[in-house]
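> Here you go, sequence then predicted model.
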Amino acid sequence: MPFPEHVFKHTPALRKLVTPPDSSEMRFGQERFAELDEQAEAEGWPPGWRMDHDTREANRQAVLSGRWTQDLWVFAYGSLIWDPAVYVEEYRRGVLTGWRRSFCMRLEGGRGSHARPGLMAALDQGGQCDGVVFKIAAGLVDQETKFMWRREMFADAYCPVFLEVSTPQGPVDALVFIMDRTNRRYMPDLPIEEAARMIALAEGGLGSNFEYLHSLVTHLDELGIQDDDIQKLHAFAHRCRE
């Protein structure tokens, strides 16, 4: 079912751009992991490429401890904006200070490979990030965060933390999935030329890495979210493909 009218009272432009959860391929159960394990084996991903279910659930319980009966705000900087895969009560524009969108996560499967790794967007320290925050109603927090943790924490490359996000309606304490800077996939401070070359050449079972970057840029443009660094990276990567 589509989102109720009140969800977009502060962000009417998003109304036709957000995928309802019942239509989202990202709203999946644990059975999806069997398919992903087969894909990982076929593509030669390293052992321990994903969290086991018990570890993931323990992480969810620890992060959300004491918050189960409260509305939950979540900051979105990428595909969570237009495809949250959860039931949302309210959307707002949001700015996260001290963190920025960055293609700093090494990608060895999906849209990359061991031979030609690509890069995935994450939140890295420094600068600021324009995005959105959305609210999950208190009564749905347990149910909906199970879907979110399967999606965002299928591997161990993110750290879920609570940070203050500025919105036109006032600041909120929001759940944010930031890059785990201790993870082996973290690739900080890559020169833009090198990052663009990796993205331009990488390809995996889900398609090309450039398609992922292009989709991000296209969606941010549609949403009216400006990110000069990502635009510049996109232009460099496009030239590398010519």
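Done, it's in.

> Helix, strand, or coil at Tyr91?
strand (DSSP: H, G, I helix; E, B strand; the rest coil).

> burial of the closest residue to it other than its chain neighbours, as a residue count?
Distance criterion CB to CB, 6 or more residues apart in numbering; nearest residue to Tyr91, sequence neighbours excluded, is Thr11 at 4.5 Å. From N, CA and C alone the C-beta is placed, and that goes for glycine too. Here the number of neighbours of Thr11 (other CB atoms under 10 Å) works out to 19.

> now Ile199
Ile199 has 29 nearby residues by other CB under 10 Å.

> the bottom helix or strand of this protein by mean pLDDT?
Counting by mean pLDDT, DSSP states H and E, the weakest-scoring helix or strand in the chain turns out to be helix 32-43, with a mean of 77.

> buried sites along that one?
By neighbour count with 16 or more other CB atoms under 10 Å, helix 32-43 contains the buried residues 33, 36, 40, 43.

> hmm, who's touching it?
49-50, 53, 109, 113, 150, 154, 204-205 (CB atoms under 8 Å, 6 or more residues apart in numbering).

> Go again with 7 Å.
Identification of contacts with helix 32-43 by CB atoms under 7 Å, 6 or more residues apart in numbering yields 49, 109, 113, 204-205.

> So Arg239: helix, strand or coil?
Under three-state DSSP, Arg239 comes out as helix.

> quick one: contacts for the closest residue to it other than its chain neighbours?
Residue nearest to Arg239 in three dimensions, not counting chain neighbours: Ala196, with 7.6 Å by CB to CB, 6+ apart. Contacts for Ala196 were tallied using CB under 7 Å, 6+ apart; they are 233, 236-237, 240.

> just to revisit the earlier point, take the contacts of helix 32-43 and keep only those in helices.
Using DSSP state H, no member of these falls within helices.

> Of the residues you listed, which belong to strands?
Gly204 (DSSP state E).

> I'd like the buried residues of helix 32-43 written out as a markdown table, with distance to Arg93 added.
Output for the buried residues of helix 32-43, formatted as a markdown table (distance: CB to CB, whole Å):
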| residue | distance to Arg93 |
| --- | --- |
| Phe33 | 34 |
| Leu36 | 33 |
| Ala40 | 37 |
| Glu43 | 38 |
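
> And these, which is closest to Arg184?
Ala40 (15.8 Å; CB to CB).

> Could you tell me how far that closest one is located from Pro47?
9 Å (CB to CB, to the nearest Å).

> go on, Leu213?
According to CB to CB, Leu213 and Pro47 sit 28 Å apart.

> mind listing the strands for the protein?
Using DSSP E, the strands of the chain run over 72-76, 90-107, 118-136, 158-165, 172-179, 203-204, 207-208.

> Just name the most buried of those strands.
Here the criterion is mean neighbour count by mean count of other CB atoms under 10 Å, and of the strands of the chain the winner is strand 72-76, at a mean of 24.

> For that strand, which outside residues touch it?
Strand 72-76 is contacted from outside by 84, 94, 96, 131-136, 141, 165, 172-176, using CB under 7 Å, 6+ apart.

> what's the burial count for Arg60?
18.

> what's near enough to touch it?
145, 149.

> can you do 8 Å?
145-146, 149, 153.

> what separates it from Leu36, distance-wise?
Taking CB to CB, one finds Arg60 at 18 Å from Leu36.

> Which pair of the buried residues of helix 32-43 spans the longest distance?
Phe33 and Glu43 (15.1 Å).
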